[in-house]
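Visitor: How does the following fold in three dimensions:
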Amino acid sequence: MTTRAACSSLLPPDWREGVAGAPLPAGETVGDWIAFGDAQTGQLDKANGRTLDSIGIVERCEERDRAAIRAARPKFLGIF
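Guide: Okay, here's the model as predicted:
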């Protein structure tokens, strides 16, 4: 049996901290808030990217482990 933590250990440790939101604007102009909204959207894109990357890493790791287990199983009469 494989170790369940083996796949999750492939994820970068700093991802546990999450993605910080963009800092609120210091100014009060519309342009300041537009820049903030753009920066916040960038941070959200980064967070969503990490989620998809994490799922893909774990899925590929689990498939690799399943393939290794299938390959390691003894074959009945050398053919099954």
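Visitor: What mean pLDDT does the lengthiest helix in the chain get?
Guide: Identified as the longest helix of the chain according to DSSP state H is helix 30-72. For helix 30-72, mean pLDDT rounds to 92.
Visitor: Can you list the helices and strands that it packs against?
Guide: On a contact count with 3 or more C-beta pairs under 8 Å, 6 or more residues apart in numbering; DSSP states H and E, helix 30-72 meets helix 5-8. C-beta coordinates here come from the backbone N, C-alpha and C atoms, glycine included.
Visitor: List the buried residues of the helix it packs on.
Guide: By 16 or more other C-beta atoms under 10 Å, the buried positions in helix 5-8 come out as residue 7.
Visitor: List the contacts of that helix.
Guide: Contact with helix 5-8 is made by 57-58, 61-62, 65, as judged by C-beta atoms under 8 Å, 6 or more residues apart in numbering.
Visitor: Farthest pair within these?
Guide: Of all pairs drawn from the contacts of helix 5-8, the greatest distance, 12.6 Å, lies between 57 and 65 (C-beta to C-beta).
Visitor: What's the ChimeraX syntax to select whichever of the contacts of helix 5-8 are buried?
Guide: Those of the contacts of helix 5-8 that count as buried under 16+ other C-beta under 10 Å are selected in ChimeraX with:
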select :61,65
